[in-house]
Each structure stands twice: as structure tokens, then as C-alpha cells.
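Asks: pasting a predicted model and its sequence here:
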Amino acid sequence: MTPAHLAEPSYGIPVSPLLTCHPDKRRLYGADTYFQEGYEQLAALTDDITGFAHRHAALLLKPDAVVARRLDAAVDWLAGQGFRIVGAAVTRLTRTMIRSLWYFQWNLATPYRRRLAALFLEDADALVLLVRADHDLDVPASVELTRLKGPTDPDARRPGQLRHLLGRYSYLLNLAHTPDEPADVLRELAVHFDDTARDRLFRSALAEEDRTADALELTGRLYAAAKPRALDFDPAVSRLREAVSRHGGADPIATPCGLLEFAWERGIDLDPWDTVIVGSKVLPMRQPGRAPVLDGADADAWRRHLGTVRSTAN
């Protein structure tokens, strides 16, 4: 037996293999403040933490969904996919929150992506919907909702997927985000909300209350607070070209990438949304050759994982 003073130190709380497929995520999330806060607060409300985390998923409708006026469509889509909204709240995606949400994936981001994200994610508030499937699933609700949401790559999205429905604009302007796994649901709710707001969401979900009316009421508030914007590429390029030309700008046949570089080098003020619309389409968003520190797992991986966990338990 290893003497107590030589035992490997513990840096966090145990994370059940029913919350994530990844051993590395179990280790890192156990020591993560956000995960600890979400987990411990939920533990004070229910003994069935893993059951709650399996039954519930979250959908973040980002500022691009707000200005594009696509929140209503997302609410309708959820109902059509058999998901009931059991909690709804507004969040503001600050610089710190953005980095906290994607802390284990933003090692992939290029400087361009970080710069562009700062321009639009704080321009308007966003909507978080806590949802529960009204039908039995053989994988966690977060895994199923992530599958149905569709991929980040706009060219890979397919009809019926949420991101296809909301608009195939660019890698960065994807309008919606979902936590990948049950552990991510608990962690991301703690990133977005303080103890009071999180308690309200947890209690509403545990009561299985239908909060669709709340989601639609918050939708109206978000629309009233943010000007509508079209997110189409060609008109945005034309507006950027006009803005640059007013400053004695670049060659009129300059590429969209060249327009942005010219304006940034000379400190020309550009419309933030037009900059994001164009930049996210023509500039590299992902560092080549890098893998995320942590990633999600698809439905097939989760089925295999659950089979392994259950056979081990027996």
C-alpha cells in the first residue's frame, strides 16, 4: 500500500463515465471550476445527477441567430424534433465567456477567428434553451441534439438539420451551438449563469415544466434590443468595398481578403457584421494540423461506450 503522503494528489471531484466518453475529459472536468459548480449545485437538488444530465440538452442560439431573426425557427424546429423546452434564459457572450465555453477547443482557432468572434459575439445577447426529449433515446439527449443540429462546416450541413435550416453562412456564423455530452451540459450552464439563474433553470427542468412561452417572450425581447441584419456574403462585400473606397482605399478589384487586410493595416473602421460575414468566409478559421484538447463523441461512439460501462458494472 502506498503511504498517504506519497499518494497521487486529487485535483477535483470524480466524474462518472456516464457523463463523458473521454477519460481525459473526466480528469480535466473533475478539476474544472465550472463543471464543479454545475455538478455540485445539481447534486443539492437531485440524487439522479447522471439521469438528469442524460435526459437534458442545451441549445445556445448565438447573436447571429438573433440579428438574423431565426430564434422562432429554432423553437419550432425543437418541437418538430420531439424536444420540449424546460428552461430558457438570456446570456451575454463576453470575451471571457467565449474563451471559457470553448476553452478546450479554441487551441484550433486562428488569430483571425478570435478577432472576428470578438466583433459579433458581444454585439447582442444570446438565448440558452434547456430541453428534454419527449421520446426515449438510446444515447444522451445532448448527443442526439448535437447530431440533429448539424456540423460546423456549412457545406456538410444537410436538410432537416438545425444549422441547415437557420442558414448556411460560414464556419463561424453557424447561429447555434450545443454542448456535446452530458458533462458539457453541466459545465456550460455554469459558464453562462450564476448560482441564482442556474438554480432557476435546474428547478424548472426538474419540475418538467414547459417553458416554450418563456422562450418566445425572451425572443421578442432579444429582437427588440438588436437591429435585424442580413448575413449574406455578396452584399457585405459590396458594403466593405464602398467603406474602404471612401478612405481612398484599395484597388477596386481587390479580393475580399485584400479589402480586409488593407482596412486593418490602415485602421479604417468597418461595419462589424460585414467584417465578420466576409472574414469568416475568406480567412482561415482553423489552425492546420491541430486537434482539439477535448472533443465530443458521436452517437455510435456513445452506444459502444454505454455498452462497455454497463458490462463493466455487471
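Replies: Yep, it's here. Numbering: from 1, shown residues only.

Asks: alpha carbons only for contacts and neighbour counts from here, please
Replies: Will do.

Asks: where does the protein have low pLDDT?
Replies: For the chain, the stretches flagged by pLDDT under 70 are 1-9, 249-253, 314.

Asks: tell me where it has strands.
Replies: For the chain, strands defined by DSSP state E occupy the ranges 56-61, 83-91, 126-133, 176-177.

Asks: list of residues touching the shortest one?
Replies: Same thing as strand 176-177. With CA atoms under 8 Å, 6 or more residues apart in numbering as the test, strand 176-177 has contacts from 59-62, 65, 149, 162-163.

Asks: stretch 256-271 too?
Replies: Contacts of stretch 256-271 (CA under 8 Å, 6+ apart): 237, 240-241, 243-244, 247, 249-250, 275, 278-279, 282-283.

Asks: check those for burial and list the buried ones.
Replies: Applying 16 or more other CA atoms under 10 Å to these, the neighbour count classes 237, 240-241, 243-244, 249-250, 275, 278-279, 283 as buried.

Asks: could you save the residues you listed as TSV and add columns showing distance to Val185?
Replies: Shown next, in TSV, are the buried ones among the contacts of stretch 256-271 (distance: CA to CA, whole Å):
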residue	distance to Val185
Val237	37
Leu240	38
Arg241	42
Ala243	42
Val244	43
Gly249	47
Ala250	46
Thr275	31
Val278	32
Gly279	30
Leu283	31
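
Asks: now, which of those residues sits nearest Asp76?
Replies: Distances from Asp76 to these, taken as CA to CA, are shortest for Val278 (29.2 Å).

Asks: for the residue positioned nearest the centre of the chain, which residues make a bridge with it?
Replies: What sits nearest the mean C-alpha location of the chain, by CA atoms, centre = their mean, is His177, with 3.0 Å. Here His177 shows beta-bridge partners Leu60, assigned using DSSP bridges.

Asks: thought Thr275 was touching Arg239?
Replies: No: checked against CA atoms under 8 Å, the pair Thr275 and Arg239 is beyond contact range at 9.7 Å.

Asks: tell me how many other residues surround the residue lying closest to Arg92 once chain neighbours are set aside.
Replies: Take Arg92 and drop its neighbours on the chain: the residue closest to it by CA to CA, 6 or more residues apart in numbering is Asp125, 4.7 Å away. The number of residues packed near Asp125 is 22, by other CA atoms under 10 Å.

Asks: residue contacts, Asp125?
Replies: Contacts of Asp125 by CA under 8 Å, 6+ apart are 62-63, 66, 90-93, 222.

Asks: from Pro272, how far off is it?
Replies: 16 Å (CA to CA, to the nearest Å).

Asks: what of Glu242?
Replies: Applying CA to CA to Glu242 and Pro272 gives a distance of 14 Å.

Asks: swap in Lys281?
Replies: 14 Å.

Asks: between the two, who's got more neighbours?
Replies: Lys281 (18 against 13).

Asks: residues contacting the closest residue to Trp273 other than its chain neighbours?
Replies: What sits nearest to Trp273 in space, not counting adjacent residues and going by CA to CA, 6+ apart, is Phe120, at 6.5 Å. By CA under 8 Å, 6+ apart, Phe120 lies in contact with 63-64, 272-273, 276.

Asks: tell me which of the residues you listed fall in helices.
Replies: 63-64, 272-273, 276 (DSSP state H).

Asks: could you dump those to a markdown table with distance to Asp134?
Replies: As requested, those are arranged in a markdown table below (distance: CA to CA, whole Å):
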| residue | distance to Asp134 |
| --- | --- |
| Pro63 | 28 |
| Asp64 | 28 |
| Pro272 | 40 |
| Trp273 | 37 |
| Val276 | 37 |
